[in-house]
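*Asks:* 3D model of this:
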Amino acid sequence: MIELFGLVWALGLPSVAALPFVSRALASYERSLCKSLLIIAIAFGTGIGLTSIAAFVALWINNGMPQHHGMIESVGLLLIFAVGMLLNRRRTLSTGTHIIESYCHIDERDQPSWRPYLTGAFVVTIALALATMIAMSDAAPNGRWDAWCIWNLRARFLFLGGDGWQRMFDQAINWSHPDYPLLLPMTIARGWHYAGTASTTIASGVSIAFALAGTFAVVGVVGILRSQTMGMLAGMLIIGSKYFIRHGAYQYADTPLALYFVLALGLVLLVVESKQQRIGVFLLLGMTCGHAAWTKNEGLLFAIFCSVLFGVVALRQIEAALRLRSYGAFALGVLPGIIITLFMKMLLAPRNDLMSSQDQFAQLTDIDRYAKIAAYLSRSTLSFGEGVIILSITLAGLLCVGRRRAWRTFGYGVMLIGAMAVTYFLVFLLTPHDLDWHLTTAATRLILQLFPCVVLVAMLLPRGPRQARLDAGESSNSA
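*Replies:* The predicted structure follows:
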């Protein structure tokens, strides 16, 4: 029971503390199940990210986890929650409860008559996936290989290491990738700190929670910008994938990274489609990018690419008077994650193992190497999750029949996903490791990181009839 309490407190309290602020940032969207799921996903991701950063700072300053860190953190989070609720209440009293929407849903009459059945199927799919992940976690309570030798190992250094916690950066265990960021291990260590024991229940619970949050994020964004029906279809494609479910129980960092990827991309596309210009959205966007960097090395590259994409979107979508404030809010959100990641890498961690290749020119000019990587990645993508990526694109294509396509949304999403895909290709091209081994062990997990983003972009491709009419009306008025 104490282990369950530690899990709920470590994950639930930061999420609850973030809820009022996330709700306020998304206040211009009408209330719906999809909006609620998106708020939960963002609050979970940002709350966990910020508390992991704060816990690491406390650990470093104290040279070990402070004895009363749990109590201090709990009081601080409860105060933050109280302040957030007070600010929201004052705003409601001063402005009223009327919400001016910056976008339009598809008319309810355009929704299929079978949507209640789809809602039931969505709930059942979530329940079955959750039961499956719990059963797999019970069968393998310590997760799989990367959980043993990287993430949970580092969490044990953070929780049990005392003043010797920095030995996790020792070159003697260089096989454990000591340069990897610490969001996931720090979150697990926080849960252990609350429970008072290094429980496998907490480690598996953290992994499952990230998988569910990633699903809710896709449902939320698609549901807000298209319809609840399409949002639930997208969610079922995510959580119904066998490979995604497996990693929800494997305790790897790829599932948390996928959450931050899809949250950041989703928030950018909310700005693009709904012309949303609330400062809080830009702040949340920055946070999700920064927390991606604090989760895994790939996240640092994603944060750079997403920052560039946001800069382009801001120039095209945001009013000039608000543009500087939007950049400032984004920077305020992204900096904590970026700074703590660079601090760890420059002052504590050894050099990344991928930087040790001595024959990169030969690798760059090896045409057979290009062909081999391209062939393997193509096969892995087509077969991922029993073809779920192809199914997602096919379903999106069918939904496009008779409707206007959202090419701008699709283009922005493809640019970000494409930039990450090209980066992954270059990693394999320049890797100092055996290429066959590296492709076999890493390729599918890299696809998993981008999988929710692919489904998100695919399901946003078709526009609904009402949205098309609204766009036509705006065009005629401007003309």
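
*Asks:* how about the strands in the stretch 101-250 of the chain?
*Replies:* With strands called from DSSP state E, counting those that start in this stretch, the stretch 101-250 of the chain shows none.

*Asks:* hey, where'd the helices end up in it?
*Replies:* 115-139, 145-146, 152-160, 183-195, 200-225, 228-239, 242-250 (DSSP state H, counting those that start in this stretch).

*Asks:* Out of those helices, which is closest to residue 288?
*Replies:* Nearest of those to residue 288, taken as CB to CB: helix 200-225 at 9.4 Å. In short, each C-beta sits where N, CA and C put it, glycine included.

*Asks:* Would you mind saying which of the helices of the stretch 101-250 of the chain lies nearest residue 359?
*Replies:* helix 145-146 (27.2 Å).

*Asks:* what comes into contact with that closest one?
*Replies:* 250, 251, 252, 253 (CB atoms under 8 Å, 6 or more residues apart in numbering).

*Asks:* Buried subset of the residues you listed as a ChimeraX selection?
*Replies:* In ChimeraX, selecting the buried portion of the contacts of helix 145-146, with burial taken from 16 or more other CB atoms under 10 Å, looks like this:
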select :250,251,252,253
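
*Asks:* and the contacts of helix 145-146, which of them are in helices?
*Replies:* Among the contacts of helix 145-146, the members falling in helices are residue 250 (criterion: DSSP state H).

*Asks:* give me the low-pLDDT residue ranges for this protein?
*Replies:* By pLDDT under 70, the weakly predicted segments of the chain are 91-115, 275-276, 355-358, 402, 464-479.

*Asks:* Could you list the buried residues of the lengthiest helix in the chain?
*Replies:* With secondary structure taken from DSSP H, the chain has its longest helix at helix 33-62. Using 16+ other CB under 10 Å as the test for burial, helix 33-62 gives 34-56, 59-60.

*Asks:* And for stretch 144-161?
*Replies:* 146-147, 150-159, 161.

*Asks:* Turn those residues into JSON lines, columns for distance to residue 344.
*Replies:* As requested, the buried residues of stretch 144-161 are exported to JSON lines (distance: CB to CB, whole Å):
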{"residue": "146", "distance to residue 344": "19"}
{"residue": "147", "distance to residue 344": "20"}
{"residue": "150", "distance to residue 344": "15"}
{"residue": "151", "distance to residue 344": "15"}
{"residue": "152", "distance to residue 344": "18"}
{"residue": "153", "distance to residue 344": "16"}
{"residue": "154", "distance to residue 344": "11"}
{"residue": "155", "distance to residue 344": "15"}
{"residue": "156", "distance to residue 344": "17"}
{"residue": "157", "distance to residue 344": "13"}
{"residue": "158", "distance to residue 344": "12"}
{"residue": "159", "distance to residue 344": "17"}
{"residue": "161", "distance to residue 344": "15"}
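
*Asks:* Let me know the closest of those residues to residue 384.
*Replies:* Nearest member of the buried residues of stretch 144-161 to residue 384, counting by CB to CB, is residue 146, at 18.2 Å.

*Asks:* how far away is the closest one from residue 450?
*Replies:* 18 Å (CB to CB, to the nearest Å).

*Asks:* Also residue 139?
*Replies:* From residue 139 to residue 450 the distance is 28 Å (CB to CB).

*Asks:* How about residue 186?
*Replies:* Taking CB to CB, one finds residue 186 at 24 Å from residue 450.

*Asks:* Might you report the residue contacts of the residue lying closest to residue 280 once chain neighbours are set aside?
*Replies:* Spatial nearest neighbour of residue 280, excluding adjacent residues (CB to CB, 6 or more residues apart in numbering): residue 25 at 2.8 Å. Applying CB under 8 Å, 6+ apart to residue 25 gives the contacts 278, 280, 281, 283, 284.

*Asks:* Closest one of those residues to residue 396?
*Replies:* Using CB to CB, these come closest to residue 396 at residue 281, 24.9 Å.

*Asks:* Test my guess that the closest one contacts residue 28.
*Replies:* No. Applying CB atoms under 8 Å, one finds residue 281 not in contact with residue 28, separated by 9.1 Å.

*Asks:* neighbour count winner among the two?
*Replies:* Set residue 281 next to residue 28 and count neighbours by other CB atoms under 10 Å: residue 281 wins out with 23 against 15.

*Asks:* Grab the nearest non-local neighbour of that one.
*Replies:* Per CB to CB, 6+ apart, closest to residue 281 is residue 25, 5.3 Å.

*Asks:* Okay, that neighbour and residue 271: tell me how far apart.
*Replies:* 12 Å.

*Asks:* between the two, what contacts are shared?
*Replies:* Shared contacts of residue 25 and residue 271 (CB under 8 Å, 6+ apart): residue 281.

*Asks:* quick check, nearest of the contacts of helix 145-146 to residue 80?
*Replies:* Checking these one by one against residue 80 (CB to CB), the nearest turns out to be residue 253, at 26.2 Å.

*Asks:* how many other residues sit next to residue 169?
*Replies:* Count around residue 169 with other CB under 10 Å applied: 18.

*Asks:* Tell me the backbone dihedrals of the residue nearest to it when sequence neighbours are not counted, please.
*Replies:* Once flanking residues are discounted, residue 169 sits nearest to residue 178: 4.6 Å by CB to CB, 6+ apart. With angles defined as degrees, to the nearest 10, residue 178 sits at phi -70, psi -10.

*Asks:* From what I see, residue 178 and residue 166 are in contact.
*Replies:* No. Assessed by CB under 8 Å, residue 178 is found out of contact with residue 166, at 9.9 Å.

*Asks:* Between the two, which has more neighbouring residues?
*Replies:* residue 178 (25 against 16).

*Asks:* How about the contacts made by that one?
*Replies:* By CB under 8 Å, 6+ apart, the neighbours of residue 178 are 154, 168, 169, 170, 171, 349, 350.

*Asks:* Kindly reformat those as TSV and extend each row with distance to residue 409.
*Replies:* TSV is the format used below for the contacts of residue 178 (distance: CB to CB, whole Å):
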residue	distance to residue 409
154	38
168	42
169	42
170	47
171	46
349	38
350	41
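
*Asks:* Among those residues, which one has the most neighbours?
*Replies:* residue 154 (25 neighbours).

*Asks:* surely that one meets residue 183?
*Replies:* No. Judged on CB under 8 Å, residue 154 makes no contact with residue 183 at a distance of 10.9 Å.

*Asks:* tell me the phi and psi of residue 405?
*Replies:* Dihedral angles (degrees, to the nearest 10) for residue 405: phi -90, psi 140.

*Asks:* What count of nearby residues applies to it?
*Replies:* 14.

*Asks:* Which strand residues bridge it?
*Replies:* residue 462 (DSSP bridges).

*Asks:* Against residue 389, how distant is it?
*Replies:* Distance from residue 405 to residue 389, by CB to CB: 19 Å.

*Asks:* Same check on residue 272?
*Replies:* Noted for residue 272: a distance of 23 Å to residue 389, by CB to CB.

*Asks:* Over to residue 302?
*Replies:* Counting by CB to CB - residue 302 and residue 389 are separated by 19 Å.

*Asks:* The two: which is more packed in?
*Replies:* Set residue 302 next to residue 389 and count neighbours by other CB under 10 Å: residue 302 wins out with 28 against 21.
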